[in-house]
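Chemist: with the input below, show me the fold.
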Amino acid sequence: MEIKSMSKKEQYNLCIYLYNSIKMPLRFFDGTRQIFSLPQGEQILSLAHLTPNMISLTQTLSYYETKDSVFWGMVKVKGSDFSLVIGPVQAGSVHTIQLDFTDNLLFINYLFNNENFSREDFFSYQKKITDISSVETYFENQYFSNDTPESLLKEEEILKYIEKGDVHAVRDYLISPHYIYNAESNPTSIESRKQIGYYSVALFSESAKKAGLPLKKCADITLNYYQTIDKCTSMEELDLIIGHSAMHFTGEVQNLIIPANINHSIFRCTQYIRQNVYTKITIDDIADYLGFSRSHTCKLFKDNLGFSIGAFIRRVKLEESKNLLTYSDKSIAEISSVLCFTDQSHFQNAFKKAFGFTPLQYRNKKQKYPPYR
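Modeler: Below you'll find the model as predicted:
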């Protein structure tokens, strides 16, 4: 049966199956009127804001991507006023998310309209992507109702602290009566609060990027918190996640600031290691980056810091593993893999030697979202 011939209940049930399969936000329209959205609780989207930016790939298929790699798509149902909007989908690993998004959009278009539109056809239009406003403007325009606390949405104080890498100021801000009052006066819907979470993390990421934190690092952290927010089930947990994301970005920026008493080459070396924590880093890579020989690089590092480059690489990876154990649902095997340890056993042994307990013991004992103090 064609979707245009279905009852509203049948259309809704079909979209539920689609949403459960693709795990991307869906909105179903009759003309310009939004009939329903998945997940439930999403703010009503105005097509007047969306459609002017869309690139029409066919008469039924439209798409756009913001400068911040936020993807939207729309499939119009032939011979009707119905349309289905997919998005927003925020990319962390842009290539992977874009392929998933593209495949889902093309699948839905084929399902609704029996149009065979290939990936190659789709990506041939990439150069035509509309240059629209930043992710902050997009979130503000699309997601927040007029009764959202203005002081929370427009707050610039904490963003300045993040950009300066001032961890103490951010911590003091998060435990201040001003912040607590704003948090308690947020919308009561968990879905509305999640949108504020996405918005806040996007702003924190932008501040960190302004301070010089690499784009890939910002994207990785942002995606991790988006996924965590998506799984949240309580207001208290959600507020703590938002606060911890601010602390996380600020800590990363703080690490960028050059201490007055450190050799500049050593600082560049430590920053290179931190920024490439998810890759397999070798001493030769670091020596090439600094423009020194391998032996000179090792000696310089040991003479200035008192321990080897290998020990520092291992420590940085182990510290990052603690973040993943606390704030992600990745298995220990996955964490071992993404941090490029030889194998899970090697990771577990190194973790226990460094901290005195196994990764699993740390995850089980660690309060998932501890206070900021």
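Chemist: using the three-state scheme, assign Arg314.
Modeler: Assigned with DSSP: H, G, I helix; E, B strand; the rest coil, Arg314 falls in the helix class.
Chemist: what is the neighbour count of the closest residue to Lys210 other than its chain neighbours?
Modeler: Sequence neighbours aside, Glu163 is the residue nearest to Lys210 in space, at 5.5 Å (criterion: C-beta to C-beta, 6 or more residues apart in numbering). For the C-beta atoms, the positions are set from N, CA and C on the backbone; glycine is no exception. Counted with other C-beta atoms under 10 Å, the neighbours of Glu163 add up to 20.
Chemist: same check on Ile273?
Modeler: Ile273: 20 neighbours (other C-beta under 10 Å).
Chemist: check the residue nearest to Lys210 and give its pLDDT.
Modeler: At Glu163, the model reports a pLDDT of 88.
Chemist: got phi/psi on it?
Modeler: phi -60, psi -30 (degrees, to the nearest 10).
Chemist: please apply the same query to Lys76.
Modeler: phi -90, psi 140.
Chemist: same question, Asn255
Modeler: Torsion angles, degrees, to the nearest 10, at Asn255: phi -70, psi -20.
Chemist: give the contact list for the residue nearest to it when sequence neighbours are not counted.
Modeler: Counting by C-beta to C-beta, 6+ apart, Asn255 lies nearest to Arg274, which is 5.9 Å off, once chain neighbours are set aside. Applying C-beta atoms under 8 Å, 6 or more residues apart in numbering, we find Arg274 in contact with Glu252, Asn255, Val316.
Chemist: residue contacts, the second one?
Modeler: Asn255 makes contact with Gly165, Thr270, Gln271, Arg274 under the criterion C-beta under 8 Å, 6+ apart.
Chemist: buried sites along stretch 32-41?
Modeler: Gln34, Ser37, Leu38 (16 or more other C-beta atoms under 10 Å).
Chemist: for the protein, which spans come out with low pLDDT?
Modeler: By pLDDT under 70, the low-scoring segments of the chain are 1, 41-53, 66-69, 90-98, 120, 123-155, 176-188, 257-261, 366-373.
Chemist: which residue lies nearest the spatial centre of it?
Modeler: Leu223 (1.9 Å; C-alpha atoms, centre = their mean).
Chemist: now it, what's its secondary structure?
Modeler: helix.
Chemist: and the gap between it and Asp230?
Modeler: Distance from Leu223 to Asp230, counting by C-beta to C-beta, to the nearest Å: 11 Å.
Chemist: coming back round to it: in a markdown table, list the contacts of Asn255 along with secondary structure and distance to Ser200.
Modeler: Below are these laid out as a markdown table (DSSP: H, G, I helix; E, B strand; the rest coil; distance: C-beta to C-beta, whole Å):
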| residue | secondary structure | distance to Ser200 |
| --- | --- | --- |
| Gly165 | coil | 18 |
| Thr270 | helix | 29 |
| Gln271 | helix | 26 |
| Arg274 | helix | 24 |
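Chemist: farthest pair in those residues?
Modeler: Farthest apart among the contacts of Asn255 by C-beta to C-beta are Gly165 and Thr270. That separation is 14.7 Å.
Chemist: list the buried residues in the helix or strand where Tyr289 lies.
Modeler: According to DSSP states H and E, Tyr289 maps onto helix 283-290. Residues Ile283, Ile286, Ala287, Tyr289, Leu290 are the ones in helix 283-290 that count as buried (16+ other C-beta under 10 Å).
Chemist: related to what we said a few turns ago, what is the nearest of the contacts of Asn255 to Gly310?
Modeler: Thr270 (13.4 Å).
Chemist: show me what the helix holding Tyr289 is packed up against.
Modeler: If contacts are counted by 3 or more C-beta pairs under 8 Å, 6 or more residues apart in numbering; DSSP states H and E, helix 283-290 sits against helix 264-275, helix 294-305, helix 309-327.
Chemist: and Phe112, which of those helices is closest to it?
Modeler: Among these, if distance is taken as C-beta to C-beta, the winner is helix 309-327, at 38.1 Å.
Chemist: that closest one vs helix 264-275, what angle?
Modeler: 40 degrees (axes from the mean of the first three to the mean of the last three C-alpha atoms, to 10 degrees).
Chemist: who's in contact with helix 309-327?
Modeler: Outside helix 309-327, the residues that reach it (C-beta under 8 Å, 6+ apart) are 224-225, 228, 241, 244, 248, 269-270, 273-274, 277-278, 281, 283, 286, 297-298, 301-302, 305, 330, 332, 335, 338-341, 347, 350-351, 354-355, 359, 362-363, 366, 368.
Chemist: for PyMOL, what selects the buried ones among the residues you listed?
Modeler: The buried residues among these can be selected in PyMOL (16+ other C-beta under 10 Å) with this line:
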select buried, resi 224+225+228+241+244+248+269+270+273+274+277+281+283+286+297+298+301+305+330+332+335+338+339+341+347+350+351+359+362+363
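Chemist: quick one: Cys218 from Ile158, how far?
Modeler: Counting by C-beta to C-beta, the gap from Cys218 to Ile158 is 16 Å.
Chemist: run a quick neighbour tally on Lys23.
Modeler: Neighbours of Lys23 (other C-beta under 10 Å): 12.
Chemist: ranges for the helices of the stretch 101-250 of the chain?
Modeler: Secondary structure of the stretch 101-250 of the chain (DSSP state H, counting those that start in this stretch): helices at 119-123, 135-143, 150-153, 157-164, 167-174, 177-184, 190-210, 215-230, 235-254.
Chemist: can you add distance to Ile3 and give these back as CSV?
Modeler: As requested, those are exported to CSV (distance: least, C-beta to C-beta, whole Å):
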stretch, distance to Ile3
helix 119-123, 22
helix 135-143, 25
helix 150-153, 37
helix 157-164, 44
helix 167-174, 47
helix 177-184, 42
helix 190-210, 25
helix 215-230, 27
helix 235-254, 35
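Chemist: which helix or strand contains Phe28?
Modeler: Short version, using DSSP H and E: Phe28 is in strand 26-30.
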